[in-house]
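Undergrad: sequence first, then the predicted structure:
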Amino acid sequence: MSFARRLRIAAVATVVVLALVAVGFLVWANMVMQGDRGRALEVWTDDHVEVTSTDHSVVIAPTGVASGTGLVFIPGAKVDPYAYLYKLSGIVERTGATVVITKPTLNLAFFDQRPLTAFTSDVPGVDRWFVGGHSLGGVRACMLADDPDVAGLVLFGSYCANDLSGSGLETLSIGGSLDGLSTPQKIADARGMLPPDAVMVEVEGLNHAGFGDYGRQPGDNPAGLTDRRERDGITDALALVLTR
């Protein structure tokens with residue numbers, strides 16, 4: 001076999017392998033952890049909130065008086081955005097805040113390079129924006145927190161990889177005592193990346209998957225709370241910064 005023929009075969013084989021890898025990645029990225037349908041329906045039928053779905057976000061808005069405060073929330077890796085409806089609707093009911101849950105590109109926050117305005121423009125009536133996220137979504141939220149329109153940062157079972165200690169942002173970190181992925185120790189180890197006055201809350205009995213409603217997650221600990229108590233703990237913590 002000539003060298004040129006061997007080279008052509010090698011080139012074709014390389015293209016085939018790369019195509020298979022790409023297809024495999026796309027299949028993997030779209031195998032998301034699905035949200036609990038029953039919990040989501042509770043929110044869709046709740047008279048206190050209104051849910052609107054767009055091609056890039058899910059908005060939870062109060063049906064009563066809006067506070068003018070909003071939260072852009074980035075889901076964890078490969079977690080259905082609708083899995084967070086129930087846990088985040090509590091703060092909308094209680095305070096009149098508006099929550100915009102993003103639909104990340106390929107279900108992975110790091111692939112989503114859209115600016116924050118792609119999501120804040122969904123709610124033009126909000127004049128005070130927080131950005132936050134769960135797990136790897138929180139890591140991405142830290143990267144977006146330098147936007148001049150951002151007043152604060154909220155982390156849900158997460159921590160920053162970039163240094164925001166001198167940012168002056170209003171910051172809340174919510175951790176779970178039973179979180180097997182973003183463990184209390186990992187959150188404590190990364191505390192120096194946050195502003196000195198960041199509010200640190202650890203919800204007793206909350207695990208990693210308890211920030212949403214999508215079932216068990218590999219590597220996590222069993223939950224120690226009911227869904228309702230998880231929601232109440234998250235809402236209580238969020239109220240510490242969203243009502244200032």
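TA: Perfect, thanks for sending it.
Undergrad: where does this structure have low pLDDT?
TA: Applying pLDDT under 70 to the chain picks out residues 1-32, 107.
Undergrad: now do the helices in it.
TA: Counting by DSSP state H, one finds helices in the chain at the ranges 3-29, 37-44, 85-95, 117-120, 136-144, 184-189, 227-242.
Undergrad: return the set of buried residues in the shortest one.
TA: This points to helix 117-120. Neighbour-count burial for helix 117-120, counted by 16 or more other CB atoms under 10 Å, picks out Phe119, Thr120. Where C-beta positions appear, they are placed from N, C-alpha and C, glycine not excepted.
Undergrad: helices or strands next to that helix in the packing?
TA: strand 69-74, strand 98-102 (3 or more CB pairs under 8 Å, 6 or more residues apart in numbering; DSSP states H and E).
Undergrad: in CSV, list these along with mean neighbour count and distance to Gly133.
TA: CSV is the format used below for the helices and strands packed on helix 117-120 (neighbours: other CB atoms under 10 Å; distance: least, CB to CB, whole Å):
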stretch, mean neighbour count, distance to Gly133
strand 69-74, 26, 3
strand 98-102, 27, 8
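Undergrad: how about a markdown table for these, with distance to Val139 added?
TA: Formatted as a markdown table, the helices and strands packed on helix 117-120 follow (distance: least, CB to CB, whole Å):
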| stretch | distance to Val139 |
| --- | --- |
| strand 69-74 | 9 |
| strand 98-102 | 14 |
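Undergrad: nearest to Val43, of those strands?
TA: Judged by CB to CB, the one of those that comes nearest to Val43 is strand 98-102, at 10.6 Å.
Undergrad: contacts for the closest one?
TA: 56-62, 66-67, 69-75, 81-82, 84-85, 88-89, 91-92, 109, 112, 119-120, 122-123, 125-126 (CB atoms under 8 Å, 6 or more residues apart in numbering).
Undergrad: paired strands for it, with orientation please.
TA: strand 57-62 (antiparallel), strand 69-74 (parallel) (DSSP bridges).
Undergrad: now those strands as a markdown table including distance to His208?
TA: Below are the strands paired with strand 98-102 laid out as a markdown table (distance: least, CB to CB, whole Å):
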| stretch | distance to His208 |
| --- | --- |
| strand 57-62 | 21 |
| strand 69-74 | 15 |
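Undergrad: out of those strands, flag the one nearest Gly137.
TA: Across the strands paired with strand 98-102, Gly137 has its closest neighbour in strand 69-74 (3.5 Å, CB to CB).
Undergrad: I'm done for today, thanks for sticking with me.
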